[in-house]
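Participant: mind looking at a prediction? Sequence and model below.
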Amino acid sequence: MSSVLTDLFRHPIVQAPMAGGVSVPQLAAAVSEAGGLGFLAAGYKTADGMYQEIKQLRGLTSRPFGVNLFLPQPETPGASTGSTGAADAAPSNAAVDVYAHQLAGEASWYETALGDPDSGRDDGYDAKLAVLLDNPVPAVSFHFGVPAREVVDALRRVGTVTLVTATTPEEARAVERAGADAVIAQGVEAGGHQGTHRDAPEADGGGIGLLSLVAQVRESVGIPVVAAGGIMRGSQIAAVCAAGACAAQLGTAFVAAHESGAHALHKQALTNPLYVRTELTRAFTGRPARALVNRFLREHGPYAPAAYPEVHHLTAPLRKAAAKAGDAQGLALWAGQGHRMARELPAGQLVEVLAAELAAARTGLSAGGAR
């Protein structure tokens, strides 16, 4: 399917924007140079910090790239973010206070104070949009909701392609109604945060598998679909393309890349036999996110409230202290279900390997169909 999106890459490989320091300019540049579509993650950064990374990336490549934004979170947790849905009842601040009390032992252990849970809910969204409208980039994607139609239209006027994450066919239809150029269908296998438009505690542990989701979304919308969730091999890219996607978005596969900004302990943990599985948890941020099961997740996951970004702000100093101490048991080891298949390669070489695997898989499919 030819579109303004597929014109941005030679290979249908999109490097997922991973906030928290993983998606650095060097990683995005290497992916784009190799024919994929590299992405910067603006989440948790200031508008100026985002701008400086864009400038740095432009100095490394002339190829197209993208920037990802987090939608501002509603004052009422459980409400839809953006243009759709209605608010639900919010958990009380007492839930966050109780969780903070539970984390007191962690603060003592790492010799650091807990963060201020009331450090802001909008992630500097308006300021970042202003930068991206004044200094347009080839693509902008959105997570945690649907941007307003006027935002999508404004970005289109400056030549920016827009993509929005969806985790259900209903969310995909909301993305199409907002006028976005493409929808990122994120399966439950995906590492890091689920990009649900509505943080519904009653849905914890649920979610739709990627192949089923891609097929359902493909039949629900007329815009291009990018598949995301647990993809680690070119044969899997071929599978989601056969199911109706125009490209695949890979995150965990690039965490282990040489240019990735992930902590060395995070990279090693992907294939460390000590970490046998992943789990969706609210332990680190208050929103469901898939991570390798470590001590922090086991001890605190069952008690973490549905309170994003309050819990993120609360635990941020703990995670920073754990990284400084070299303690992987206190880190948020974001990873998709295919993490054991990670390959420690330069990002450009990984794109080339994936593209070769994709070509081989497509040849096999064609040969099989010709019998």
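Facilitator: Cool, the structure landed.

Participant: any buried residues in the helix or strand bottoming out on mean pLDDT in the chain, and which?
Facilitator: Across the helices and strands of the chain, the lowest-confidence element by mean pLDDT, DSSP states H and E is helix 347-370, at a mean of 90. Buried residues in helix 347-370, counted by 16 or more other C-beta atoms under 10 Å: A347, G348, L350, V351, E352, L354, A355, E357, L358, A361, R362. For the C-beta atoms, the positions are set from N, CA and C on the backbone; glycine is no exception.

Participant: point out where the stretch 251-371 of the chain drops to low pLDDT.
Facilitator: Within the stretch 251-371 of the chain, the set of residues satisfying pLDDT under 70 comprises 368-371.

Participant: that one: helices as residue ranges?
Facilitator: Taking DSSP state H, counting those that start in this stretch as the criterion, the stretch 251-371 of the chain contains helices spanning 252-255, 264-269, 295-300, 310-325, 347-370.

Participant: G159: which of the ones you listed is closest?
Facilitator: helix 347-370 (24.6 Å; C-beta to C-beta).

Participant: got the contact list for the closest one?
Facilitator: Helix 347-370 is contacted from outside by 11-13, 15, 27, 30-31, 33-36, 233-235, 237-239, 242, 250, 253-254, 257-260, 343, 345, using C-beta atoms under 8 Å, 6 or more residues apart in numbering.

Participant: the residues you listed in strands, which ones?
Facilitator: I13, Q15, L250 (DSSP state E).

Participant: so which of those residues comes closest to K55?
Facilitator: Q15 (19.0 Å).

Participant: that closest one contacts G36, doesn't it?
Facilitator: Yes - counting by C-beta atoms under 8 Å, G36 is a contact partner of Q15 at 6.0 Å.

Participant: higher neighbour count, the two?
Facilitator: G36 (33 against 30; other C-beta atoms under 10 Å).

Participant: doesn't L8 make contact with that one?
Facilitator: No - checked against C-beta under 8 Å, the pair G36 and L8 is beyond contact range at 9.6 Å.

Participant: can you pull out the strands in this protein?
Facilitator: With DSSP E as the criterion, the chain has strands spanning 13-15, 38-41, 65-70, 139-143, 161-166, 182-186, 192-193, 225-228, 247-250, 278-281, 289-292.

Participant: name the residues that touch the shortest one?
Facilitator: Yep, that's strand 192-193 we're talking about. 16, 18-19, 143-144, 251, 285, 287-291, 334, 336.

Participant: ok, so of these, who is nearest E202?
Facilitator: Looking across the contacts of strand 192-193 and measuring by C-beta to C-beta, the closest to E202 is P288, at 11.7 Å.

Participant: list the contacts of the closest one.
Facilitator: H193, Q194, T196, D199, D204, L280, T281, R282.

Participant: and the helices in the stretch 101-250 of the chain?
Facilitator: Going by DSSP H, counting those that start in this stretch, the stretch 101-250 of the chain shows helices at 104-110, 125-134, 149-157, 169-177, 210-220, 234-242.

Participant: just to revisit the earlier point, could you tell me which of the contacts of helix 347-370 count as buried?
Facilitator: Judged by 16+ other C-beta under 10 Å, buried ones among the contacts of helix 347-370: 11-13, 15, 27, 30-31, 33-36, 233-235, 237-239, 250, 253-254, 257, 259-260, 343, 345.

Participant: next, the contact list for the nearest residue to P138 once chain neighbours are set aside, please.
Facilitator: Distances taken as C-beta to C-beta, 6 or more residues apart in numbering place P64 nearest to P138, at 3.9 Å, with adjacent residues excluded. Counting by C-beta under 8 Å, 6+ apart, P64 makes contact with L8, F9, S32, L37, P138, A139.

Participant: P64 and G35, how far apart?
Facilitator: Distance of P64 to G35, computed by C-beta to C-beta, to the nearest Å: 11 Å.
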